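Chemist: Below is the sequence, then the predicted model.
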Amino acid sequence: MTSALPPALNIIALTTFAASLSGRALDPVLPHVADEFGVSIASAAGFSSVFAFTFAAVQPVLGAAADMFGKARLMTVCLVLLGIANILGALSNSYSMLFVTRILGGIASGGVFPVSLSLVSDLVGPDKRQVAIGRTLAGSMAGNLLGATLSGLIGDFLGWRGVLALLGALVLGASIAVKAGFRGAELARPPRPDLSAVRQGYRTIFSNPNAKICYAAVFVEGCCVLGLFPYVASFLFALGETRLSIAGIVIAGFAIGGLFYTMTVSRFLPRLGVRGMMIVGASLVGLQLAAIAFGPDWRIQLGCLLLMGWGFYMIHGCIQVFASELSVEARATAMSLHSFFFFMGQTLGPIAYGFSLDRAGKIPTLLAAAAIMIALGFACAKLLRQRMAADARAA
């Protein structure tokens, strides 16, 4: 097991990298998408919401399917589907057609990242799991970083259609590499389908008191943090900075902060402990939201997004570990439900931000989000406790 662990984690990180490339592809170029189709920025932000909503909606099904039919096999199929969705999006000739391709992309992406986390949890014990998940997140963060940065840079030269076309080709190429990497691997052999085991898995998960806390917490995170991103470009436009590449760089700061987390988690976790990580991380996020509320220069906003990404993954990584321990036999289901609630929050976040920005204004909206995130960190630190999963006790 020990000798096979490093290459297995590298392959899993590659899947998260490929899927994450597409997640925020349209955020920096939303103003151009809105102009071409004659819709408002708020309407164009719906692309982020629908991607997140479909990602979330399929989680209960895909998580159970991964437990039944094999995690690696499901991830490979979903990567192919995601690449095709991106290419079809580049060929869209209407707002509605692009909308449909984002739905397809959300469904496909839903079968990659949560399942990859369950694979990591299968391979690594709880004592080292947060560090191992951090390594996997490095792939996701690199994908988010390149997705946001390349989207803005390519958008300045080739437009938003070029962004989707190139990302589609990259994801399809990654699916081939992942398929080859898992060929013959033990992880690729699926268990036998058992519907009664799926039902028992859901009962086991929700019998754990941590389940409600974990899932509610990541829902709030999705609303307050990820819901902000579709509006970053328009905030910069209001300050007179209209270059899409700058919007992409600023948004990429969040991913850079996430990468910094993956490089430092093994050092900070022993010093702060899980409770300290959640409190410090949530407080960092809240302070950056408050700073962005007052519209500083884009360079300062880049720094704020970097610190926000670092803080976000400090608390989010802790919650992921608790979620991975809700069940042993239905771990993919537990992690997919984790993503379901997180992306439901990301789905409602842009809508809630848009409603509040229109009626209350930018400063009150972001200050309220900041206060909620800080309170969340203290609540999680108090309420989440280490508990053995019911099926682990039975075993």
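Modeler: Everything's here; your move.

Chemist: rest of the way, CA atoms for contacts and neighbours
Modeler: Fine.

Chemist: Can you pull out the low-pLDDT segments for the stretch 1-150 of the chain?
Modeler: In the prediction, the stretch 1-150 of the chain carries residues with pLDDT under 70 at positions 1-8, 24, 144-149.

Chemist: Helices along that one, start to end?
Modeler: All helices of the stretch 1-150 of the chain, identified by DSSP state H, counting those that start in this stretch, fall at 5-23, 30-37, 41-44, 46-57, 59-69, 71-90, 95-109, 113-123, 126-182.

Chemist: need these in a markdown table with distance to residue 382, can you?
Modeler: Shown next, in a markdown table, are the helices of the stretch 1-150 of the chain (distance: least, CA to CA, whole Å):
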| stretch | distance to residue 382 |
| --- | --- |
| helix 5-23 | 31 |
| helix 30-37 | 39 |
| helix 41-44 | 37 |
| helix 46-57 | 27 |
| helix 59-69 | 28 |
| helix 71-90 | 33 |
| helix 95-109 | 33 |
| helix 113-123 | 24 |
| helix 126-182 | 19 |
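
Chemist: Out of those helices, which gets nearest to residue 302?
Modeler: Between residue 302 and those, the shortest gap by CA to CA is with helix 126-182, which sits at 12.2 Å.

Chemist: Could you check the angle that closest one makes with helix 30-37?
Modeler: Counting by axes from the mean of the first three to the mean of the last three CA atoms, to 10 degrees, helix 126-182 points 50 degrees away from the direction of helix 30-37.

Chemist: quick one on the thing from earlier: can you lay out the helices of the stretch 1-150 of the chain as TSV showing mean neighbour count and distance to residue 275?
Modeler: Below are the helices of the stretch 1-150 of the chain laid out as TSV (neighbours: other CA atoms under 10 Å; distance: least, CA to CA, whole Å):
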stretch	mean neighbour count	distance to residue 275
helix 5-23	23	27
helix 30-37	18	38
helix 41-44	20	37
helix 46-57	25	27
helix 59-69	23	28
helix 71-90	24	31
helix 95-109	23	31
helix 113-123	24	21
helix 126-182	21	13
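
Chemist: Compare the ones you listed and give me the one nearest residue 298.
Modeler: Taking CA to CA, helix 126-182 is the member of the helices of the stretch 1-150 of the chain nearest to residue 298, at 14.4 Å.

Chemist: what about the helices of the stretch 1-150 of the chain, which gets the closest to residue 200?
Modeler: Of the helices of the stretch 1-150 of the chain, nearest to residue 200 by CA to CA is helix 59-69, at 11.1 Å.

Chemist: got the CA positions of that closest one in CSV?
Modeler: In CSV, the C-alpha atoms belonging to helix 59-69 read as follows (Å, rounded to 0.1, in the frame of the first residue of the first chain):
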residue,chain,number,x,y,z
GLN,A,59,-24.2,14.2,-6.4
PRO,A,60,-26.5,11.9,-4.6
VAL,A,61,-26.7,9.7,-7.8
LEU,A,62,-23.1,9.9,-8.9
GLY,A,63,-21.7,9.2,-5.4
ALA,A,64,-23.8,6.1,-5.0
ALA,A,65,-22.9,5.1,-8.6
ALA,A,66,-19.2,5.4,-7.8
ASP,A,67,-19.6,3.2,-4.7
MET,A,68,-21.4,0.6,-6.9
PHE,A,69,-19.6,0.6,-10.2
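
Chemist: thinking again about what came up before, the helices of the stretch 1-150 of the chain: which one's closest to residue 229?
Modeler: That would be helix 46-57 among the helices of the stretch 1-150 of the chain, by CA to CA, at 9.0 Å.

Chemist: distance between that closest one and the chain's centre?
Modeler: 12 Å (CA atoms, centre = their mean, to the nearest Å).

Chemist: That one to helix 30-37, inter-axis angle?
Modeler: 110 degrees.

Chemist: what packs against helix 46-57?
Modeler: Helix 46-57 sits against helix 95-109, helix 331-359, with contacts defined as 3 or more CA pairs under 8 Å, 6 or more residues apart in numbering; DSSP states H and E.

Chemist: still on that earlier bit, would you mind telling me which of the helices of the stretch 1-150 of the chain is nearest residue 354?
Modeler: Proximity to residue 354 (CA to CA) singles out helix 41-44 among those, at 6.6 Å.

Chemist: Tell me which other helices or strands that closest one touches.
Modeler: helix 30-37.

Chemist: Quick check: residue 377 vs residue 82, distance?
Modeler: From residue 377 across to residue 82, the span is 34 Å (CA to CA, to the nearest Å).

Chemist: now swap in residue 320 and tell me
Modeler: Taken as CA to CA, the span from residue 320 to residue 82 is 24 Å.

Chemist: same check, this time on residue 175
Modeler: 10 Å.

Chemist: which residues does residue 156 contact?
Modeler: 243-245 (CA atoms under 8 Å, 6 or more residues apart in numbering).

Chemist: what's the angle between the helix or strand hosting residue 363 and helix 331-359?
Modeler: Assessed by DSSP states H and E, residue 363 sits inside helix 362-383. Angle, helix 362-383 to helix 331-359, by the same axes, to 10 degrees: 150 degrees.

Chemist: Now for residue 317, which secondary structure element holds it?
Modeler: helix 298-324.

Chemist: What angle do helix 113-123 and that helix make with each other?
Modeler: With the same axes, to 10 degrees defining the directions, helix 298-324 sits at 50 degrees from helix 113-123.
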